[in-house]
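Colleague: predicted model follows, preceded by the sequence.
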Amino acid sequence: MQRREFIRRAMSAPLLGAPLVGAPLLGAAGAALAQPQSMSPRRVPDVVYVPTPQEVVETMLRLAKVTRDDVVYDLGCGDGRIVVTAAQRFGARGVGIDIDPDRIKEAQANARAAGVAGRVKFTNGDLFETDFREATVVTLYLLPSLNLKLRPKLLAELKPGTRLLSHDFDMGDWAPDQRVDVGSRTVFFWRIPEKKA
Ligand SMILES: C[S@@+](CC[C@H](N)C(=O)[O-])C[C@H]1O[C@@H](n2cnc3c(N)ncnc32)[C@H](O)[C@@H]1O
């Protein structure tokens, strides 16, 4: 998918955490009361929040053949849907990282609502500074440039055999082991190769 199409999806995504419609009429104090408590990310996110459709989430997890023995990491987890689905539908443990504290609060609430809070963990942090070596499955929905920036860290730190999935964006000249289309979306699948001596 082209960056332009991703931006179009971002613009048409629901404005989560947006002020209530009537808030401006209430004045500053009233608006503060009317809006949900919101915290700023520690720095500007590298990519805006656009959720992966549930059908694509399930395709990603099925392609990876996730089981209860897996630890699924979603780097830039948004509302936590990939990690929550991995725990709820596939019995896995999961970890989600997001730079935006509001997304983390939302993900934790979603995990509680799904009854999987004991199997998942959501952490507010920068995915480029995260230790994800325990992962057996890693999922991404970032941007082509971010995939390329992350690629050396993924290859250096993930165990050989770890399954890596990316919604819509490839890894440049690292050819995927599999590629599946879901309507207008694409899921790319790689296995981390053995380390070179
Ligand atoms: C396109 S959304 C994908 C959300 C989720 N993975 C999904 O597929 O539904 C990208 C997410 O990455 C987060 N993000 C952006 N830059 C980040 C960074 N450097 N570290 C951690 N999270 C980041 C954003 O806040 C956003 O929630």
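Modeller: Looks like it came in fine.
Colleague: quick one: name whatever helix or strand follows the helix or strand harbouring Val56.
Modeller: Here Val56 sits within helix 54-63, counting by DSSP states H and E. The helix or strand immediately downstream of helix 54-63 is strand 71-75, counting by DSSP H and E.
Colleague: do that next one and the ligand meet at all?
Modeller: Yes. Residues of strand 71-75 are located near the ligand by CB under 6 Å from any ligand atom, namely Asp74. Using the backbone N, CA and C atoms, a C-beta is placed for each residue, glycine as well.
Colleague: quick one, that strand and helix 54-63 angle?
Modeller: Between strand 71-75 and helix 54-63, the angle comes out at 140 degrees (axes from the mean of the first three to the mean of the last three CA atoms, to 10 degrees).
Colleague: what's strand 71-75 in contact with?
Modeller: Applying CB atoms under 8 Å, 6 or more residues apart in numbering, the contact partners of strand 71-75 are 61, 64, 66, 80, 82-83, 86, 92-97, 127, 130, 132, 134-140, 142, 150.
Colleague: narrow these to those in strands?
Modeller: Arg93, Gly94, Val95, Gly96, Ile97, Val137, Val138, Thr139, Leu140 (DSSP state E).
Colleague: between the residues you listed, which is closest to the ligand?
Modeller: Nearest to the ligand among those: Ile97, at 5.4 Å, using CB to the nearest ligand atom.
Colleague: in stretch 116-123, what's buried?
Modeller: The neighbour-count criterion (16 or more other CB atoms under 10 Å) identifies Val116, Ala117, Arg119, Val120, Phe122 as the buried residues of stretch 116-123.
Colleague: same question for stretch 43-54.
Modeller: Of the residues in stretch 43-54, those with enough neighbours to count as buried (16+ other CB under 10 Å) are Asp46, Tyr49, Val50, Pro51, Thr52.
Colleague: cheers, nothing more for now.
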